[in-house]
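1. predicted model and sequence below, questions to follow.
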Amino acid sequence: AAPALLDSALRNMQRCVVGVLERCEETVEALSATYPWIPRLPCARRANSYGANVRAGGALAAGLSYAPDALAEVARQNALEEHVYAVANAML
């Protein structure tokens, strides 16, 4: 089922304007080029301590530790999302 879900997501992304929050300005440019009648969305930066923690290495960098099997399960469950996210970034 996972390969079919990935294939479906990647096919759908080819028919959409794809963007990512970390690249808001580029996402807004892509939206504006495709849909010029839509008002530009703001890309205001907001302090997000959780996001900064994740970018700095997440919970592990904060001194928390998790069992290796728990980390492996999280990685397994996020594998498709990580792949789609990488493709979205490449599309911008």
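-> In hand now; what should we look at? Numbers count the residues shown, from 1 in each chain.
2. tell me where this structure has helices.
-> 2-13, 24-34, 49-55, 58-61, 68-91 (DSSP state H).
3. give me the mean pLDDT for the shortest one.
-> Helix 58-61 shows an average pLDDT of 56 in the prediction.
4. for this structure, where's the lowest mean pLDDT among helices and strands?
-> Sorting the helices and strands of the chain by mean pLDDT, DSSP states H and E puts helix 49-55 at the bottom, at a mean of 53.
5. thinking again about what came up before, return the member of the helices of the chain having the minimum mean pLDDT.
-> Among those, helix 49-55 scores lowest, at a mean of 53.
6. let me see the contact set for the residue nearest to Ala2 when sequence neighbours are not counted.
-> For Ala2, ignoring the flanking residues on the chain, the nearest one in space by C-beta to C-beta, 6 or more residues apart in numbering is Leu80 at 6.0 Å. Any C-beta I mention is one placed from the backbone N, CA and C, and that applies to glycine too. With contact set as C-beta atoms under 8 Å, 6 or more residues apart in numbering, Leu80 has these partners: Ala2, Leu5, Leu6, Ala9.
7. endpoints of stretch 6-22, how far apart?
-> Counting by C-alpha to C-alpha, to the nearest Å, you get 22 Å between the two ends of stretch 6-22.
8. pull out the buried positions in it.
-> Leu6, Val18, Gly19 (16 or more other C-beta atoms under 10 Å).
9. please tell me how far the most far-flung residue of the chain relative to its centre sits from Gln77.
-> Computed with C-alpha atoms, centre = their mean, the maximum C-alpha offset from the centroid of the chain is found at Trp37, amounting to 25.8 Å. Applying C-beta to C-beta, to the nearest Å, the value for Trp37 to Gln77 is 39 Å.
10. same check, this time on Glu29
-> For Glu29, the distance to Gln77 - C-beta to C-beta - is 32 Å.
11. of the two, which one has the most company?
-> Glu29 (14 against 9; other C-beta atoms under 10 Å).
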